[in-house]
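Engineer: Build me a model:
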Amino acid sequence: MKFITKPTMVAVAVLALIGCNQQQAEKQAVTLDTEDQKQAYALGASLGNYMTNNLAENDKLEINLDKELILAGFEETMNGKGQFDEQQMQDMLMALDQRVRGKREALAASEREKALTEGKAFLANNAEQDGVVVTESGLQYQVLTEGEGDKPAATDTVKVHYKGTLIDGTEFDSSYKRNQPIEFPLNRVIKGWTEGVQLMSPGSHYKFVIPADLAYGEQGTGPIPGNATLIFEVELLEVIKPAEQSDS
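Structural biologist: Model prediction:
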């Protein structure tokens, strides 16, 4: 969240204009006949959404910025009665930015710790389920369907269908939904996949529960939070040896 950028200040201005003209707006409907009018309204609506989302995010971080004071700051300054000079405003906005960053970092650390604790509990419970095997690294797998043929080496490329979820059931990726299997070198993915898929023969369908240290670790990636334990269902469709790749 960048509080010292021009779009943010313009958004504040839009909020102020809305506040200052509220009574007029109640008496007279907005006219949106010309392209200029429609585009002006769209710009105002977009900036209004932007500022509203910023304030909502601040609320989640327990930083409660009073809308009335935002509007007052704009109106007083426009009327030449602003209580801060330019440097003071910049200093305060930078301080606000640092405050938001600090809150975000603290929240992220708390969420990582929670994910780690919940992941360990899930792994401990899952390890007791029928058919679940736990490897030396901590990877857990369950054979849903066993295939036939040679298992891949880490240097091979594999073709798979898969679905990935968090332990709460949230799906973050699925080749099934894209209706398109994926190919990748087995030594270019997370450790849990490199280890786990090497246990499979073509035609196999396995379920893997992968601890965070064998997945995306403390930082996470995209929709995957830091320290997240991951669940994958994987179907191994084909193993492509390096020689086959060079011939194709």
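
Engineer: Could you use CA atoms for every contact and neighbour count after this?
Structural biologist: Will do.

Engineer: Quick one, grab the pLDDT at D247.
Structural biologist: For D247, the model assigns a pLDDT of 53.

Engineer: Same check on N54?
Structural biologist: For N54, the model assigns a pLDDT of 81.

Engineer: Got phi/psi on it?
Structural biologist: Main-chain torsions, N54, degrees, to the nearest 10: phi -60, psi -50.

Engineer: what about it, how many neighbours?
Structural biologist: By the criterion of other C-alpha atoms under 10 Å, N54 has 15 neighbours.

Engineer: Please report how far it lies from L230.
Structural biologist: N54 sits 31 Å away from L230, going by C-alpha to C-alpha, to the nearest Å.

Engineer: domain assignment for the protein?
Structural biologist: 6-83, 129-247 (automatic domain parsing).

Engineer: right, and the ones you listed - which one's nearest L123?
Structural biologist: L123 sits nearest to domain 129-247 of all the domains of the chain, at 7.5 Å, using C-alpha to C-alpha.

Engineer: distance between that closest one and the chain's centre?
Structural biologist: The chain centre lies 21 Å from the centre of domain 129-247; the measure is C-alpha atoms, centre = their mean, to the nearest Å.

Engineer: Repeat that for stretch 128-147.
Structural biologist: Here the centre of stretch 128-147 is set off from its chain's centre by 29 Å, with C-alpha atoms, centre = their mean.

Engineer: now could you export just the CA positions of that stretch as CSV?
Structural biologist: C-alpha atoms of stretch 128-147 as CSV (Å, rounded to 0.1, in the frame of the first residue of the first chain):
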residue,chain,number,x,y,z
GLU,A,128,-2.0,-42.7,11.3
GLN,A,129,-4.4,-43.2,8.5
ASP,A,130,-4.7,-46.6,6.7
GLY,A,131,-2.5,-46.9,3.7
VAL,A,132,-0.3,-43.8,4.4
VAL,A,133,3.4,-44.3,4.1
VAL,A,134,5.9,-41.8,5.6
THR,A,135,9.3,-41.6,4.0
GLU,A,136,12.5,-40.7,5.8
SER,A,137,12.3,-37.1,4.6
GLY,A,138,8.8,-36.7,6.1
LEU,A,139,6.9,-37.0,2.8
GLN,A,140,3.6,-38.9,3.1
TYR,A,141,2.0,-40.8,0.3
GLN,A,142,-0.9,-43.1,-0.3
VAL,A,143,-1.4,-45.3,-3.3
LEU,A,144,-4.8,-44.8,-4.9
THR,A,145,-4.0,-46.8,-8.0
GLU,A,146,-0.8,-48.7,-8.8
GLY,A,147,0.5,-48.6,-12.3
